[in-house]
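Asker: predicted structure and sequence below. I'll ask about it afterward.
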There are 4 protein chains.
Amino acid sequence: MMEARTARGRPRNSAIDARILGATREALARGGYHAVSMEAVAHAAGVGKQSLYRRWPRKPLLVFDAAFGGPIGDRAFAVDTGSLAGDIGAVLTDLEHLFAHRATTDVMRGILADALGEADTLQQLRERFMWPRLHLLDALIERGRARGEVGPNVTVQNVADTLLGAMLGHYLIIGRTSGTFASELARIVARGVSVRR
Amino acid sequence: MMEARTARGRPRNSAIDARILGATREALARGGYHAVSMEAVAHAAGVGKQSLYRRWPRKPLLVFDAAFGGPIGDRAFAVDTGSLAGDIGAVLTDLEHLFAHRATTDVMRGILADALGEADTLQQLRERFMWPRLHLLDALIERGRARGEVGPNVTVQNVADTLLGAMLGHYLIIGRTSGTFASELARIVARGVSVRR
Amino acid sequence: MMEARTARGRPRNSAIDARILGATREALARGGYHAVSMEAVAHAAGVGKQSLYRRWPRKPLLVFDAAFGGPIGDRAFAVDTGSLAGDIGAVLTDLEHLFAHRATTDVMRGILADALGEADTLQQLRERFMWPRLHLLDALIERGRARGEVGPNVTVQNVADTLLGAMLGHYLIIGRTSGTFASELARIVARGVSVRR
Amino acid sequence: MMEARTARGRPRNSAIDARILGATREALARGGYHAVSMEAVAHAAGVGKQSLYRRWPRKPLLVFDAAFGGPIGDRAFAVDTGSLAGDIGAVLTDLEHLFAHRATTDVMRGILADALGEADTLQQLRERFMWPRLHLLDALIERGRARGEVGPNVTVQNVADTLLGAMLGHYLIIGRTSGTFASELARIVARGVSVRR
DNA sequence: TTGTAACCGAGACGGTACGTCACGTCTTAAT
DNA sequence: ATTAAGACGTGACGTACCGTCTCGGTTACAA
């Protein structure tokens, strides 16, 4: 997941990446985010701490990669039902499934906990993981606008931020349980952005 | 901020509360959330650590009280413009002003950072500080429903969560700058919950 | 165990003394010296800390009283077999029985641990508990001298200190197990102080 | 004072050992045992607490090393005058000089105070510092036995324990001042263990 | 009878040090 | 240049007791 190689000196052993990610996932499964420490991961993976930091300079980035890396999650944003309301509903339903697992929200809270405490780590988390996915959401809404389903005075990015932001805020922070949140959010926003009839 | 006194044993000295909050605010002003440590606050306030932990068992609770305690912030939710759209707009405008200050968001991120990392601390933060304010928001929307401005199939709590959650998610986590977020969010939600015409 | 009463004000409730000592013994039985803290004793005895400190100003004094108070231990030094060697042997045998119990040595070590850390507490422990018993030992040796069993150039107090000191040092500090220590010590000293034949 | 190096990972920096010991001695000189806290030592030595605990896991061990470490004190037990009585007298005279300084006994009492309160710390103190020195004493008495100066029914270790134990008990615990204790103890024991003439 | 003084349970208070944890950087020797 | 190992400085954590103090209230003797 890291940048290009410079081809000087001993090359990186990519098997190590896998061992690190595996050890991280194992720790997550065993004791949640709390059980993950850079030290513990390095030790469990049989890897020096330096080798770990060389690849993932901060814990939240490592854990995000281990837990949600690869195309996982991207899928949620890559739908096309033919209508804006359908797309938004599909996306939020997928996210709802994700947020339904206690283990998942625990990991997300942990990642956020560490990232929010360090400005630059938060920024990296955004750029590497959050914004790319948001761009998919932007595109989805943009498609709706092209179909004439979005009214004027509506900024695409604000809609995307509303959708993802509300999900994050509701599930990770506010914590008032509600079985209908995702679907109602989808309905309210879909109706709220639509052109006046 | 504490509960009723049972009148047994030596009563708490409320002057100490003030000294602690003062020291906390001073630290916040000096170096942001990062400059606040229970240790430093206790020392600066000339207070034993125990006296501090007796009142605020975790740092996020202390800092929230120091920064946003009292009726501050409550005011934002206690508006009554006569229409749901007006109320929502007013609330979000107020919150927008709050979130506009870097110092404020820094403190909020710090509080969240520490609270998200500890399940029970997060729960206390919710119960003591977030939910009471959310209840004001619930009431505001409930008022709109009583006036017939809210459609069926809309749960009051979900709307409130959407409003606050989206603000938190957008400003504290997602971090894509947008000068229009709050007002658009207000408009989208206000229109989204309204009865069909 | 305290000094004379001044007869002004409300008199002490002697039932409280008993409750405190009982709670202390209970704690000792439950978790050894480590389980005894002034706070815990006060709470378990249903007694204010002040009432406790009024009677026993330091923990070691309390614990000594609770564990070895009363005439216990005095008995060990109050023997009279008719010969110095017999007396010394009897005393050390008694002490050996005392030191044989792990629970006893644990308590003694705890008392010493706290007393050695505070000069004035150590001094009180000596004056109240150790020296009175040593005086009995002095008297015992003095009796031997009167019978002509002790050589010149032998100071009574030094002999008593040797006997008790060696027992304390061996059992509480040095900790090399030996089933024969007390009896050999008795023999060595008895012979060592005797007049030359 | 530490064990062999395994040559894996970054090696310990022995200059740090010296800085820690130096800071400890300085604190001892300034305010006695009471002035030594792991926290203060680490700070004064410009060293992390971890580096301190890595080398000396408990305070008494550190302080003993700083105050009596190295060959100091060993010398006291390494005499050879040609006779058992001479050897015992020489050793006790040396120890008497050591115990004569208030600063020394203060440090010893502090070490004991903390060590007696924790079983495993006491055990380490014994194994690292006390028993090795006792073994020298054992050897000294063994030499006397080889020369035929020690009677039967006398266990070498018991004699050594008697000598050291009585010194510790008398000077550190009992505290009855006596200018003749060490020399009389030497005489009594030397005569007490000798073969009957 | 009333005052005054010491008692009592409870628990707040300032203080001190503890030992632990994890961070992210660094120093080795070896590959 | 990378690797495994692990030492290093840093900083804060939350806990545990200490011995003193401040409450409201009680009990007994003396005036």
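Answerer: Noted; the coordinates are in hand.
Asker: quick one: contacts for the nearest residue to A:Leu21 once chain neighbours are set aside?
Answerer: Using Cβ to Cβ, 6 or more residues apart in numbering or on different chains and skipping residues adjacent in sequence, the residue nearest A:Leu21 is A:Ala66, 4.9 Å away. C-beta: built from backbone N, CA, C; applies to glycine. With contact set as Cβ atoms under 8 Å, 6 or more residues apart in numbering or on different chains, A:Ala66 has these partners: A:21, A:24-25, A:28.
Asker: repeat that for A:Gly110.
Answerer: A:32-34, A:36, A:60, A:63, B:116-117.
Asker: and those, which are buried?
Answerer: A:32-33, A:36, A:60, A:63, B:116-117 (16 or more other Cβ atoms under 10 Å in any protein chain shown).
Asker: which positions in chain A make contact with DNA strand F?
Answerer: A:6, A:8-13, A:16, A:43, A:46-51, A:54 (Cβ under 7 Å from any atom of the strand).
Asker: ok, of those residues, which one's closest to chain C?
Answerer: A:His43 (32.7 Å; Cβ to the nearest Cβ).
Asker: after the host helix or strand of that closest one, which helix or strand is next?
Answerer: According to DSSP states H and E, A:His43 maps onto helix A:38-45. Next helix or strand after helix A:38-45 toward the C-terminus (DSSP H and E): helix A:49-55.
Asker: any bit of that following helix sitting next to DNA strand E?
Answerer: Yes: shown here: helix A:49-55 in contact with DNA strand E (Cβ under 7 Å from any atom of the strand) through A:49-50, A:53.
Asker: and A:Leu28, which of the three is it?
Answerer: Under DSSP: H, G, I helix; E, B strand; the rest coil, A:Leu28 falls in the helix class.
Asker: ok, now A:Val154?
Answerer: Applying three-state DSSP: A:Val154 is coil.
Asker: packing partners for the lowest-mean-pLDDT helix or strand in chain A?
Answerer: The helix or strand of chain A with the lowest confidence, counting by mean pLDDT, DSSP states H and E, is helix A:74-77 at a mean of 73. With contacts defined as 3 or more Cβ pairs under 8 Å, 6 or more residues apart in numbering or on different chains; DSSP states H and E, the packing partners of helix A:74-77 are helix A:84-100, helix A:131-146.
Asker: now the longest one: buried residues?
Answerer: Pointing back at helix A:84-100 there. A:84-85, A:87-92, A:94-96, A:98-99.
Asker: repeat for stretch A:46-63
Answerer: For stretch A:46-63, by 16+ other Cβ under 10 Å, it's A:47, A:51-52, A:55-56, A:58-63.
Asker: what about it, start to end distance?
Answerer: One end of stretch A:46-63 to the other measures 18 Å (Cα to Cα, to the nearest Å).
Asker: please state the offset of that stretch from the chain centre?
Answerer: 19 Å (Cα atoms, centre = their mean, to the nearest Å).
Asker: ditto for stretch A:117-131
Answerer: 11 Å.
Asker: give me the domain ranges for chain A.
Answerer: A:7-68, A:84-193 (automatic domain parsing).
Asker: what mean pLDDT does the last one get?
Answerer: Spelled out, it's domain A:84-193. Summarised as a single mean, pLDDT over domain A:84-193 is 96.
Asker: repeat that for the first one.
Answerer: Throughout domain A:7-68, pLDDT has a mean value of 92.
Asker: the buried residues of helix A:84-100 into JSON lines, with extra columns for distance to C:Thr105?
Answerer: Formatted as JSON lines, these follow (distance: Cβ to Cβ, whole Å):
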{"residue": "A:Leu84", "distance to C:Thr105": "81"}
{"residue": "A:Ala85", "distance to C:Thr105": "80"}
{"residue": "A:Asp87", "distance to C:Thr105": "77"}
{"residue": "A:Ile88", "distance to C:Thr105": "75"}
{"residue": "A:Gly89", "distance to C:Thr105": "74"}
{"residue": "A:Ala90", "distance to C:Thr105": "74"}
{"residue": "A:Val91", "distance to C:Thr105": "71"}
{"residue": "A:Leu92", "distance to C:Thr105": "69"}
{"residue": "A:Asp94", "distance to C:Thr105": "67"}
{"residue": "A:Leu95", "distance to C:Thr105": "65"}
{"residue": "A:Glu96", "distance to C:Thr105": "64"}
{"residue": "A:Leu98", "distance to C:Thr105": "61"}
{"residue": "A:Phe99", "distance to C:Thr105": "59"}
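Asker: and A:Glu26, how far from chain B?
Answerer: Per Cβ to the nearest Cβ, to the nearest Å, A:Glu26 is found 21 Å from chain B.
Asker: same thing with A:Phe77?
Answerer: In terms of Cβ to the nearest Cβ, A:Phe77 sits 14 Å off from chain B.
Asker: what does A:Leu52 give?
Answerer: For A:Leu52, the distance to chain B - Cβ to the nearest Cβ - is 21 Å.
Asker: how about A:Ala29?
Answerer: 18 Å.
Asker: for A:Asp120, same thing?
Answerer: From A:Asp120 to chain B the distance is 12 Å (Cβ to the nearest Cβ).
Asker: just the CA atoms of the helix or strand harbouring that residue, as PDB, please.
Answerer: A:Asp120 is part of helix A:119-125, with elements assigned from DSSP H and E. Once non-C-alpha atoms are left out, helix A:119-125 reads as follows in PDB (Å, rounded to 0.1, in the frame of the first residue of the first chain):
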ATOM      1  CA  ALA A 119      -3.900  16.600  13.100                       C
ATOM      2  CA  ASP A 120      -1.600  15.200  10.500                       C
ATOM      3  CA  THR A 121      -2.700  11.600  11.100                       C
ATOM      4  CA  LEU A 122      -6.300  12.700  10.700                       C
ATOM      5  CA  GLN A 123      -5.400  14.400   7.400                       C
ATOM      6  CA  GLN A 124      -3.700  11.300   6.100                       C
ATOM      7  CA  LEU A 125      -6.600   9.200   7.100                       C
END
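Asker: which elements pack onto it?
Answerer: Against helix A:119-125 (3+ Cβ pairs under 8 Å, 6+ apart) you get helix A:59-68, helix A:102-116.
Asker: minimum distance to C:Met108: which of the domains of chain A has it?
Answerer: domain A:7-68 (41.7 Å; Cβ to Cβ).
Asker: identify the residue nearest the residue in chain A that chain D sits nearest to in space, chain neighbours excluded?
Answerer: Residue nearest to chain D within chain A: A:Gly48 (9.0 Å; Cβ to the nearest Cβ). Computed as Cβ to Cβ, 6+ apart, the closest residue to A:Gly48 that is not its neighbour in sequence is A:Ala42, at 6.4 Å.
Asker: isn't the one you found up against A:Lys49?
Answerer: Yes: the pair A:Ala42 / A:Lys49 is scored as a contact, 4.7 Å apart, by Cβ atoms under 8 Å.
Asker: how about the residues of chain A that lie near chain C?
Answerer: Within chain A, no position lies close to chain C (Cβ under 8 Å from any Cβ of the partner chain).
Asker: which parts of chain A sit against DNA strand E?
Answerer: Going by Cβ under 7 Å from any atom of the strand, the residues of chain A near DNA strand E are A:10, A:37-40, A:49-50, A:53, A:57-59, A:118.
Asker: how about a cut-off of 10 Å?
Answerer: A:9-10, A:31, A:34-42, A:48-54, A:56-63, A:114, A:117-118, A:120-121 (Cβ under 10 Å from any atom of the strand).
Asker: which residues sit in contact with A:Glu184?
Answerer: A:Glu184 neighbours (Cβ under 8 Å, 6+ apart): B:153-155, B:158-159, B:162.
Asker: try 7 Å this time
Answerer: B:154-155, B:158 (Cβ atoms under 7 Å, 6 or more residues apart in numbering or on different chains).
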